[in-house]
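Chemist: from the sequence below, what's the structure:
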Amino acid sequence: MGRFLVIAAAFTALAACKDKSKSEGLPPAQEWSANPGDLAPAGSSGANPHAAANPHAGVPGMNPHGGGEDTESGDLPAGHPPIDQQAGGGGSPNVAAMGLPPPDPNRAINPANHVKGVIKIHPKAKDKVKAGGAVFLIVKRAGDDGAPSGPPLAVDKLTWGTGDLPFEITEKNAMIAGTELTGDVVVIARYDQDGDALSKQPGDVTGSIRVKIPAEKVNLTLDDVLQ
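Modeler: Just a heads-up that it's a prediction; the model follows:
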């Protein structure tokens, strides 16, 4: 009799376990050995969303991760500076290929590379310029059309006095140490009312002149009153 009770209890426990497995939605035992890599993500129809062709493949310059044939200089837009493939892959412009020697901060300053002259005020702007005001000087490369082009090569800040203002810009005034002050340039001067080089406002007076370095006895006239 006791043996019969033990067997009955065992069958009862087994039945309870079976019912519990159904209520919790456990997969059949024969599926537990399936390779997880073969199973589709939950909520998908089984298709691999990444199996499609690379939308950037074969499109020049469209590789968002860099590297490979998409970074070759031949795929760059017209006018883009060449990429230095020897610069550690950083994509730096090859200044040598552009004909621009990199500045050498240890290069000796050449005193012959300078622009020297005076800044004058045009009669029409005379009442706009007052003693003690700031005058900013900027030297830029001259473009083919004679207009200033590119970043400043050299800069200086002067103080307007009571008459013509003498000035001299040399390689000591270079924006980047080691920059050569040579060739065809445009010298720009601006009388600035608030003394802030980054701001312009009505009443400031500007002027410019194109010269070839070295240049002596330059007469730069402030003749354009900003409106």
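Chemist: so the chain: which segments form each domain?
Modeler: Domains of the chain are assigned by automatic domain parsing as 69-102, 114-225.
Chemist: so where's this protein uncertain?
Modeler: Scanning the chain for pLDDT under 70 picks out the ranges 1-101.
Chemist: ranges for the strands of it?
Modeler: Using DSSP state E, the strands of the chain run over 114-121, 134-142, 148-159, 165-170, 183-192, 205-213, 215-222, 224-225.
Chemist: quick one: which of those strands is nearest Asp104?
Modeler: Comparing the strands of the chain by their distance to Asp104 (C-beta to C-beta), the top pick is strand 148-159, with 14.8 Å. To be clear about C-beta, it is placed using only N, CA and C from the backbone, and glycine gets the same treatment.
Chemist: picking up where we left off before, next, format the strands of the chain as TSV and append mean neighbour count and distance to Pro103.
Modeler: Formatted as TSV, the strands of the chain follow (neighbours: other C-beta atoms under 10 Å; distance: least, C-beta to C-beta, whole Å):
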stretch	mean neighbour count	distance to Pro103
strand 114-121	19	17
strand 134-142	20	14
strand 148-159	15	10
strand 165-170	18	15
strand 183-192	20	15
strand 205-213	18	16
strand 215-222	15	21
strand 224-225	16	31
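Chemist: want to throw those into TSV with distance to Ala108?
Modeler: As requested, these are exported to TSV (distance: least, C-beta to C-beta, whole Å):
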stretch	distance to Ala108
strand 114-121	14
strand 134-142	19
strand 148-159	16
strand 165-170	12
strand 183-192	19
strand 205-213	17
strand 215-222	21
strand 224-225	37
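Chemist: so for Arg107, which of those sits nearest?
Modeler: strand 165-170 (13.4 Å).
Chemist: the closest one pairs with which strands, and in what direction?
Modeler: In the sheet, strand 165-170 lines up against strand 114-121 (antiparallel) (DSSP bridges).
Chemist: what sits up against the partner strand?
Modeler: 129, 135, 139, 158, 164-171, 181, 185, 187, 189, 191, 205, 207, 211, 213-222 (C-beta atoms under 8 Å, 6 or more residues apart in numbering).
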